[in-house]
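1. Have a look at this prediction, sequence included:
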Amino acid sequence: MINITRNEEVVLNQIKIYDIEYPEGVPVSILRKELGFHEYDLVHILEELQNKDLVVFKDNKVNLSESEKEINTVNSKKDLEELELDQKEKDSYKLIQELVDDKNLVSKYTLEGHLLYGDLELSNFRMYHIILSLQNKGLLKSINKDDGEYYLLVG
């Protein structure tokens, strides 16, 4: 499922309307006139939609992408970031479940390394935010042992 903002949805719907009329691509100028967005904002939204593989944007023209994807619309960028953080948190929790040993322990450095440099490629800030969030939810607990620092997967 792809998450988009309300503004992205408005632009995407407008592209769908004009797509048949402009088979070579909907000109950005037409979208700008129709929607009343500032060109900078419209181009930014089109780039976001392209990054999400919903449109193809080049030479100031936009086409719908060929793939059919399920779309979820949220009210704002902040809501979008929270939703994506929740997904990253779920993905991180799944990763932790794979990393723990038979006692539900994983080395602090092993976990942080996998979160930073593994498939999730989290930033330092995001990684610590997710670890703290999982600890606050009672799913992860920091433990000091004689041979180092560990996280205990609870539950």
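-> Perfect, I can see it now.
2. Next secondary structure element downstream of the top helix by length along the chain?
-> The residue-count maximum for a helix in the chain (DSSP state H) belongs to helix 77-99. With elements assigned by DSSP states H and E, the helix or strand that comes after helix 77-99 is strand 105-107.
3. partners of the strand or helix carrying Ile143, with directions?
-> If you go by DSSP H and E, Ile143 is part of strand 140-145. Neighbouring strands of strand 140-145 in its sheet, by DSSP bridges, are strand 148-153 (antiparallel).
4. just for this structure, where's the confidence low?
-> In the predicted model, the chain carries pLDDT under 70 at residues 81, 84-85, 155.
5. can you rerun that using 90?
-> Where the chain drops to pLDDT under 90, the residues are 1-5, 20, 52, 65-91, 93-94, 118-123, 125-126, 129-130, 132-140, 153-155.
6. any idea which residue of it is furthest from its center?
-> No residue in the chain sits farther from the centre than Asp146, which is 38.3 Å out by C-alpha atoms, centre = their mean.
7. Now do the same contact list for it.
-> By C-beta atoms under 8 Å, 6 or more residues apart in numbering, Asp146 lies in contact with nothing. Yep, even glycine has a C-beta here, placed from its N, CA and C like the rest.
8. what about it, distance to Asn72?
-> 47 Å (C-beta to C-beta, to the nearest Å).
9. Tell me the secondary structure of Asn3, please.
-> strand (DSSP: H, G, I helix; E, B strand; the rest coil).
10. Provide the backbone phi and psi angles at the residue lying closest to it once chain neighbours are set aside.
-> Using C-beta to C-beta, 6 or more residues apart in numbering and skipping the chain neighbours, the partner closest in space to Asn3 is Asn72 (4.9 Å). Backbone torsions for Asn72, taken as degrees, to the nearest 10, come to phi -120, psi 130.
11. same deal with Leu46?
-> The phi/psi pair for Leu46 (degrees, to the nearest 10) is phi -60, psi -40.
12. That one: what's it in contact with?
-> Neighbours of Leu46 in contact, by C-beta under 8 Å, 6+ apart: 11, 28, 55, 57, 62.
13. rerun at 7 Å
-> Leu46 sits next to 11, 55, 57, 62 when contact means C-beta atoms under 7 Å, 6 or more residues apart in numbering.
14. taking these one by one, which sit in helices?
-> Val11.
15. can I get the contacts of Leu46 in JSON lines with neighbour count?
-> Shown next, in JSON lines, are the contacts of Leu46 (neighbours: other C-beta atoms under 10 Å):
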{"residue": "Val11", "neighbour count": "25"}
{"residue": "Val55", "neighbour count": "24"}
{"residue": "Phe57", "neighbour count": "22"}
{"residue": "Val62", "neighbour count": "27"}
